[in-house]
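>>> 3D, please:
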Amino acid sequence: MAELVDHVSVRILALVVLYKMQPNESVAFTSLQTAISALPKGWCDIRILLYDNTPGGCDPGPLPEGVQYEAAGHNEGLAAAYNHALAIAQREKDAWLLILDQDTTLSSDYLSRMSELALEVAANEKIGAIVPRMLDSGRPVAPVFIRFWGVGYVPSDFEGTSRREIHATNSATLFRVSALRNIGGFSPYFWLDYVDGYVFRQLHLHGMKVYVAKNIQVEHELSLLHGGELKADRFRNILRAESAFWDLYGGYVQGLALTARLLCRIWRQRRRGHDIAIRQLTYQELKRRVLQSKAQRINDWMREMEQRIQSFENAGGGRIPCEERPTISVCMAAYNGERYITAQLQSILSQLGDEDEVIVVDDASTDGTREKVRALDDRRIRFLKHDRNQGVARTFEDGIRAASGEILFLSDQDDLWASNKVSTVLRAFQLQPEADIVVSDAELINTNDAPIGPSYYAERGKFRSGVLANVFRCSYLGCVMAFRRRICAWVLPFPTEADVLHDLWIGTSNALTSGKTLYIDHPLVRYRRHEHNVTGNKRLTIARRMRIRWDLCRSLATFWLSLHHVNGK
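Purely as a prediction, here's the structure:
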C-alpha cells in the first residue's frame, strides 16, 4: 500500500468545531496537528477549518499554514457548522470531510491509517463513511449496530462493512463528500444532538455503507454519559432529540425500549445524586412518552425546531441554499381568480429559487385572471389555459403533468402561504426520505385576511392518512399537500369516469401502494373561505358525498387490481 500512496494523495478537509474554547485549548486541534506532522510526505492533502460557534468568535492567535479560522457570529449548532464545511469541501473538490468536535483526541497515527483506508475504498462509492472505534474514558461508545430493540455494540474484532445498519459518532468519522451531498447534508432539525444518528440513518436509507476500522481508536467525551455535568437546557435538548429520532426512525419495540431506558435513567440519576433539574427533565420526558401519541410528540418537536430555525433564518442563516435543495413545481388551478391570485402568487414566489416554477392552469376564466398573472412578469410562472371549463380535477391534473420539479406543491388561487411553508416542507421531506406526501394544517381566514375560528384540522378533526379512514371522512386538502414526483407514476391519471376529488385520490391511491404521508401539525397555509370557493367540500350535498365515496371505492378497487395484475406479471 505504501507504494500506491507515493503516487496518489487523499484530499481531506478537516473540520474542528469550537465553542467557548481557544484553538490551542482544543485537544482535537492539537492532536490533529500532531497526526499531520506524523504523516509521510505526500501521504495526503489535508486542510483544516476551525469553525467557532462562540457568539462573536475569538482571537485565534497565530495559526499554522493550511489552517483557516471562521467565526459563526451566533451559535447555530453542529449541523450548521458541518453543512458549512461540506459546502467548502464540495467547492474545493475535496474527496473526504473529517469532522472533529473540540474534545476528541486522536492518536498520532490516526490520519495515516484513515487515509490509507480511504485509498483502499476510493473506488467503492457505496462506502459513504469510514469510522474508528470511539472510546469514552476507555469505555466503548461507537460504532453500534441498529437492532430491532435498539442498539448493540459492533464486536471488537469486526472490520469492514455490514448489511446491518451501522451508526457512529460524527467526530473522528471520515465522510465521503459525494455521499453527504447525495443525502442532502446534515439536518437543521437535529442541530446539536443526534445529528450523528440522523446522518448515519440517511446513509443507510440511501443504500450506502459504513466501513468500520478495527484497529483505529480515538477518545471522545460523550455528553449523555456525563449527565451530572450537563446544564438543564442542554439535557432537555438531548432528551427531545433522542425521542424524536426513535419516533421518526425506530419501530414499535425500539420505542418501548427507549421508554424503558428513560425509566432506568431516572433510577440511575437518583442513585448517583444528579441535579434535581436533570432528574425532573428525565421524568417529564418519560411522562410525555407515556401520555402522548407518537404523532403528537413528533409534531411538537418539529414545531419547536421550526421556530428555532425560523429565528436563524430571520437573522440571515439556516436557510437551505437553492443549489442544495430539490427543484419545486407549484401547480395552481385558477378560475375567475383575479381578486386574490396576485397576493397568493407573491406569497409563493418569494419562497422559490430561480430553477423553480409555478404552473398556473386557467380553467377558461371569464375575468381578468390571465392579465393579473401576466402583470407579475415573472419568468418562473408558466401559464396554461383551457379553451373550455373542465373542472378542478382535470385542471390540477394538467398542472401536475406539466410540472418538472422533484417536489410538487398544490395551490389554490385564493389562499396565502406562510413565509416558511416551502422551507418547512422541504425539511420534512429531507428528514424522512421515505415520505411520499407532506400535509400541513391551515389557518382559516376570511375575505379580508382576518382569522376565523380554529385551524382547518382542529375544526374538521384529526388528520388520518389511511384508505378506510378517508372513505368515511376525507382528511386530504389539496392546498396543503406537497408530494414527490415519483408518486405521479401511480396517482395519474385521475379517474376519468368517476366523481372523485383530486386530493382525496392522490392521498388514498398513494396509501394503497403503502406510501407514507407525513402530517405537520401547524398551519403553513392561510386557507381563505368565501362564497366563491372553487375547491373544498363544505358545500357538497349528501347525495354527492355518497357518490364520491362510491366512485372512490370503485376507482381504488380498479387501481388495486391493475397493480396486482402488473405485479403478477
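>>> Which secondary structure element of the protein has the lowest mean pLDDT?
The weakest-scoring helix or strand in the chain, judged by mean pLDDT, DSSP states H and E, is helix 2-5 (a mean of 42).
>>> Beyond that helix, next helix or strand please.
strand 10-18 (DSSP states H and E).
>>> Quick one: distance of that next one to the chain centre.
24 Å (Cα atoms, centre = their mean, to the nearest Å).
>>> could you say what helices and strands it packs with?
Judged by 3 or more Cβ pairs under 8 Å, 6 or more residues apart in numbering; DSSP states H and E, strand 10-18 is in contact with helix 27-37, strand 44-52, helix 78-91, strand 96-101, helix 110-120. Where C-beta positions appear, they are placed from N, C-alpha and C, glycine not excepted.
>>> For the helix or strand where Phe235 lies, buried residues please.
For Phe235, the element it lies in under DSSP H and E is helix 232-249. Neighbour-count burial for helix 232-249 flags 235-249 (criterion: 16 or more other Cβ atoms under 10 Å).
>>> Show residues contacting it.
Residues outside helix 232-249 that contact it (Cβ atoms under 8 Å, 6 or more residues apart in numbering) are 189-190, 192-194, 197-198, 201, 223-224, 227, 230, 254-255, 258, 275, 277-278, 281-282, 285, 288-289, 294, 297-298, 301-302, 304, 431-432.
>>> Output the below-cut-off pLDDT ranges for the chain.
Applying pLDDT under 70 to the chain picks out residues 1-8, 222-229, 313-324, 530-540, 564-569.
>>> which parts of the longest helix anywhere in it are buried?
Taking DSSP state H as the criterion, the chain has its longest helix at helix 542-568. For helix 542-568, a neighbour-count test (16+ other Cβ under 10 Å) marks 548-549, 551-552, 555-556, 559 as buried.
>>> Return the list of helices and strands in contact with that helix.
Helix 542-568 packs on helix 467-472, helix 502-512, going by 3+ Cβ pairs under 8 Å, 6+ apart.
>>> Which residue ranges make up each domain of the protein?
As given by automatic domain parsing, the domain ranges for the chain are 2-221, 225-314, 322-568.
>>> Kindly provide the distance from the closest residue to Met302 other than its chain neighbours to Ile278.
Here the nearest residue to Met302 in space, its sequence neighbours aside, is Ile520; by Cβ to Cβ, 6 or more residues apart in numbering that works out to 6.4 Å. From Ile520 across to Ile278, the span is 31 Å (Cβ to Cβ, to the nearest Å).
>>> And for Trp149?
From Trp149 over to Ile278 the distance is 26 Å, taken as Cβ to Cβ.
>>> who has more neighbours, those two?
Ile278 (21 against 13; other Cβ atoms under 10 Å).
>>> so which strand or helix has that one?
Using DSSP H and E, the element containing Ile278 is helix 276-291.
>>> tell me which residues in that helix are buried?
For helix 276-291, burial by neighbour count (16+ other Cβ under 10 Å) applies to 278-279, 281-283, 285-286, 288-289.
>>> Filter the contacts of helix 232-249 down to the ones in strands?
The strands, defined by DSSP state E, take in nothing from the contacts of helix 232-249.
>>> List buried residues within those residues.
Buried among the contacts of helix 232-249 (16+ other Cβ under 10 Å): 189-190, 192-194, 197-198, 201, 223, 227, 230, 254-255, 258, 275, 278, 281-282, 285, 288-289, 297-298, 301-302, 431-432.
>>> Inside helices: which ones of the residues you listed?
Among the buried ones among the contacts of helix 232-249, the members falling in helices (DSSP H) are 197-198, 201, 254-255, 258, 278, 281-282, 285, 288-289, 297-298, 301-302, 431.
>>> need the contact list for Tyr189.
Counting by Cβ under 8 Å, 6+ apart, Tyr189 has contacts 198, 244, 302, 305, 309, 427, 431.
>>> pretty sure the first one contacts Pro188?
No - counting by Cβ atoms under 8 Å, Tyr198 stays clear of Pro188, with 10.3 Å between them.
>>> Tally up the residues packed near the closest residue in space to Ala122 that isn't next to it in sequence, please.
Spatial nearest neighbour of Ala122, chain neighbours left out: Ala95 (7.3 Å); criterion: Cβ to Cβ, 6+ apart. Ala95: 19 surrounding residues under other Cβ under 10 Å.
>>> and the residue nearest to Met302, what are its bridge partners?
With beta bridges defined as DSSP bridges, Ile520 has these partners: Ser440.
>>> Tabulate the buried residues of helix 542-568 (JSON lines), appending distance to Ile130.
Shown next, in JSON lines, are the buried residues of helix 542-568 (distance: Cβ to Cβ, whole Å):
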{"residue": "Ile548", "distance to Ile130": "55"}
{"residue": "Arg549", "distance to Ile130": "55"}
{"residue": "Asp551", "distance to Ile130": "55"}
{"residue": "Leu552", "distance to Ile130": "51"}
{"residue": "Ser555", "distance to Ile130": "50"}
{"residue": "Leu556", "distance to Ile130": "47"}
{"residue": "Phe559", "distance to Ile130": "45"}
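>>> Just name the closest of those residues to Leu100, please.
For the buried residues of helix 542-568, the minimum distance to Leu100 (Cβ to Cβ) is 51.9 Å, reached by Phe559.
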